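> Predicted model, plus sequence, below.
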Amino acid sequence: AMNEKHFEKLLNLTITKQDLENLLTRLGFEKKQGKGSHVKWLKVKCPPIIVATHSKEVKRYQLKQIIKVLKDCNLIK
């Protein structure tokens, strides 16, 4: 499935911003405008995911934080 490929890329820290947005949307996160050049992704019972929007690529440390949130929410094993 498409999800699997996206998860794989996320875990390899090679996912594009567009694919990441698609993945988070599919996982039920809602995109909210954050402070300045940041976007907040919110989902009930999950810590918020903050993504900087000023660069085309999502930084590795951000991807690692996102993976941790998804694991904390049991969305990734």
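The structure has been received and is ready for your questions.

> Residue 70 reaches residue 63, doesn't it?
No: look at residue 70 against residue 63 with C-beta atoms under 8 Å: they stay out of range, at 10.4 Å. No exception for glycine: its C-beta is placed from N, CA and C like everyone else's.

> Among these two, which residue is more densely surrounded?
Taking other C-beta atoms under 10 Å, residue 70 and residue 63 do not tie; residue 70 has more neighbours (23 against 20).

> now the helices for the protein?
Per DSSP state H, the chain carries helices over the ranges 2-11, 17-26, 60-72.

> Need the overlap of contacts for residue 70 and residue 63.
Residues within reach of residue 70 and of residue 63 at once, by C-beta atoms under 8 Å, 6 or more residues apart in numbering, are residue 10.

> What number of residues are in the vicinity of residue 34?
By other C-beta under 10 Å, 15 other residues sit near residue 34.

> if I look at it, how far off is residue 63?
To residue 63, residue 34 is 17 Å away according to C-beta to C-beta, to the nearest Å.

> same question, residue 10
Taking C-beta to C-beta, one finds residue 10 at 6 Å from residue 63.

> Mind listing the shared neighbours of these two?
Between them, residue 10 and residue 63 share the contacting residues residue 20, judged by C-beta under 8 Å, 6+ apart.

> follow-up on the earlier one: least confident of the helices of the chain, on average?
Looking at the helices of the chain, the lowest mean pLDDT belongs to helix 2-11 (a mean of 87).

> Show me what that one is packed against.
helix 17-26, helix 60-72 (3 or more C-beta pairs under 8 Å, 6 or more residues apart in numbering; DSSP states H and E).

> could I get these as JSON lines with distance to residue 53?
As requested, the helices and strands packed on helix 2-11 are exported to JSON lines (distance: least, C-beta to C-beta, whole Å):
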{"stretch": "helix 17-26", "distance to residue 53": "8"}
{"stretch": "helix 60-72", "distance to residue 53": "11"}
